[in-house]
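Undergrad: take this sequence and fold it.
(one chain, ligands or ions: 1)
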Amino acid sequence: MVRRTWVPAFAGMTIIKGSMALDDRITIYGSFTSSSTYKPMLYLALARIAFSFRTVNLKYGAQKLPDYLEVNRYGKVPTLRHRGLTIVQSNVILDYLARATGHFEPATEQDRWRAREWLSWEADAITNVARVRHYHRFRTVDPAVMAYFRPPAEEALSFIDQTLADRQWLVGETCSIADIGCWGRMVFMAEGGFDITNWPNLLAWSERLKAMPGFALPYDLIPSKDREMVPA
Ligand SMILES: N[C@@H](CCC(=O)N[C@@H](CS)C(=O)NCC(=O)O)C(=O)O
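TA: Numbering: from 1, shown residues only. Sure, this is the predicted structure:
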């Protein structure tokens, strides 16, 4: 059954915009240790959209097994499947979700492009935060490697901090995919040894995000097993 206006897809639970069939559920493949997985899952949690989660155990290399490589040729998480489409790369998934469900999309066309500009920047710059956290948490690397990646990571955090000095959100007047994408990639910063209190505007922004209905941190949001996710 297809509805063409804003409708509760499941009573009291999910509001989905556009011509979305009630049974065409979104599926996310991901891992509970992955900031890239967190980004679309946070979007769906904040948008109060039910979806199916399929775990890909990175510890055991499930992302490189043939079955999963058929889903995601890069052998990485996350992947989204919806309406017969397979979408990979977390920022492309955020773009897709904003277009498909209508949430967290800035109000003007200029700001919609600006939000996507932030997502592209995020992949260049905040990725350094994720790299430092990854080396810190999962590998033993030469200290020179850490010394190489830490300054651009701190520079990225400072850039966000400066941007937020006189505004609440990265784009426009409300939370958008830019905020979800940038926050989502840096969410494990403490595991990389970055103390968020060094960036007060960034800290205040994170508190604004945390105050939103449906917000959860990755270890509370992403299950370690397959699960049907229902908004709280
Ligand atoms: N640019 C990609 C990065 C995806 C990525 O690196 N995912 C990591 C987890 S955060 C992964 O799957 N790592 C497993 C591997 O590289 O084998 C995105 O944003 O989706």
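Undergrad: could you use CA atoms for every contact and neighbour count after this?
TA: Noted.
Undergrad: any residues of this structure in contact with the ligand? List them.
TA: Neighbours of the ligand within the chain, by CA under 6 Å from any ligand atom: Ser34, Ser35, Ser36, Leu58, Lys76, Val77, Pro78, Gln89, Ser90, Asn91.
Undergrad: neighbour-wise, which of the residues you listed leads?
TA: Within these, Pro78 tops the neighbour count with 27 neighbours, counted by other CA atoms under 10 Å.
Undergrad: that one against Thr27, yeah?
TA: No. Contact criterion CA atoms under 8 Å: Pro78 and Thr27 do not qualify, at 10.2 Å.
Undergrad: now tell me which helix or strand of this protein has the poorest mean pLDDT.
TA: strand 7-10 (a mean of 28; mean pLDDT, DSSP states H and E).
Undergrad: so what's Asp195 closest to, chain neighbours aside?
TA: Excluding the flanking residues, the one nearest Asp195 by CA to CA, 6 or more residues apart in numbering is Met189, at 7.5 Å.
Undergrad: tally of neighbours for that neighbour?
TA: 21.
Undergrad: got a list of what it touches?
TA: Met189 makes contacts with Val129, Ala130, Arg133, Asp195, Ile196, as judged by CA atoms under 8 Å, 6 or more residues apart in numbering.
Undergrad: over to Leu42?
TA: Ile180, Gly184, Phe215, Ala216, Leu221.
Undergrad: same deal with Leu221?
TA: By CA under 8 Å, 6+ apart, the residues touching Leu221 are Tyr38, Met41, Leu42.
Undergrad: since that was my last question, I'll sign off now.
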